[in-house]
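In: give me a model of this one.
(2 chains)
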Amino acid sequence: KQEVTQIPAALSVPEGENLVLNCSFTDSAIYNLQWFRQDPGKGLTSLLLIQSSQREQTSGRLNASLDKSSGRSTLYIAASQPGDSATYLCAVSKGGSEKLVFGKGTKLTVNP
Amino acid sequence: DTAVSQTPKYLVTQMGNDKSIKCEQNLGHDTMYWYKQDSKKFLKIMFSYNNKELIINETVPNRFSPKSPDKAHLNLHINSLELGDSAVYFCASSHRVDTQYFGPGTRLTVL
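Out: Numbers count the residues shown, from 1 in each chain, chains lettered A, B, ... in the order given. All right, here's what the predicted structure looks like:
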């Protein structure tokens, strides 16, 4: 059974700092890994999707890496801004199935 | 706007009632999902439909019955509501295993 763990559960940083969010999964037989952002009281917004054959994906100040063999992914946020404050969720899907298994998220607060 | 939409946004009801939540996507996707986010914010899949056919049915009480009248709609009907059903329910859609797009959620409160 796939389990996804995100560490830390909460993170508070000053504006401008670079930061890394961690995600680990127990079953390395994944099809892809997705990072989402969830604002309070809102739905999820997809940030990045990494296929199992890829090592990283970049979008603006965000960079996500994937090490499938070790069951790990990181989300790097450069030059953090208060608007980045949200809960960041990692999710993996298994080949042949569209089912996403989510971690419990990391709540990020960027202080001005 | 192209998006995944859900109605209602909030639903407050008494135990034992039957209620429905509706979801529509205009992204042309072939796969739709229902997820439940509990009070601890843990998000877990409930159902998935591909081209109107049920492909994922997690361990969910049979009081929950999804219905997909067409590829763009996936509704969730809940019978005999219980206190433990209180949660936020999210609808999502995708093209097969590509990026999933989520709706804004329906906050269900059972009194």
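In: switch to C-alpha atoms for all contacts and neighbour counts from now on
Out: Fine.
In: count of neighbours near residue 63?
Out: Answering for chain A, as no chain was given. 17 (other Cα atoms under 10 Å in any protein chain shown).
In: chain B is the one I meant
Out: 13.
In: swap in residue B:59?
Out: Neighbour tally, residue B:59, other Cα under 10 Å: 9.
In: spatially nearest residue to it (excluding sequence neighbours)?
Out: Excluding the flanking residues, the one nearest residue B:59 by Cα to Cα, 6 or more residues apart in numbering or on different chains is residue B:46, at 7.5 Å.
In: Provide the strand pairings for the host helix or strand of residue B:34, with the direction of each partner.
Out: In this structure, residue B:34 is located in strand B:31-37 according to DSSP states H and E. Strand B:31-37 pairs in its sheet with strand B:43-50 (antiparallel), strand B:87-94 (antiparallel), by DSSP bridges.
In: I'd like the distance between the residue in chain A that chain B sits nearest to and residue B:20.
Out: Residue of chain A nearest chain B, by Cα to the nearest Cα: residue A:43 (4.2 Å). From residue A:43 across to residue B:20, the span is 19 Å (Cα to Cα, to the nearest Å).
In: same question for residue B:108.
Out: Plainly put, residue B:108 is 10 Å away from residue B:20 if you go by Cα to Cα.
In: quick one: which of these two has more around it?
Out: Neighbours were tallied for residue B:108 and for residue B:20 using other Cα under 10 Å; the higher tally belongs to residue B:108 (20 against 15).
In: give me phi/psi at the closest residue to that one other than its chain neighbours?
Out: Leaving aside its sequence neighbours, residue B:108 sits nearest to residue B:11 (Cα to Cα, 6+ apart; 4.8 Å). In terms of degrees, to the nearest 10, the main-chain angles of residue B:11 are phi -140, psi 120.
In: show me what contacts the residue in chain B positioned nearest to chain A?
Out: Scanning chain B for the residue nearest chain A gives residue B:104, at 4.2 Å (criterion: Cα to the nearest Cα). For residue B:104, the contact set (Cα atoms under 8 Å, 6 or more residues apart in numbering or on different chains) comprises A:42-44, B:4-6, B:9, B:90.
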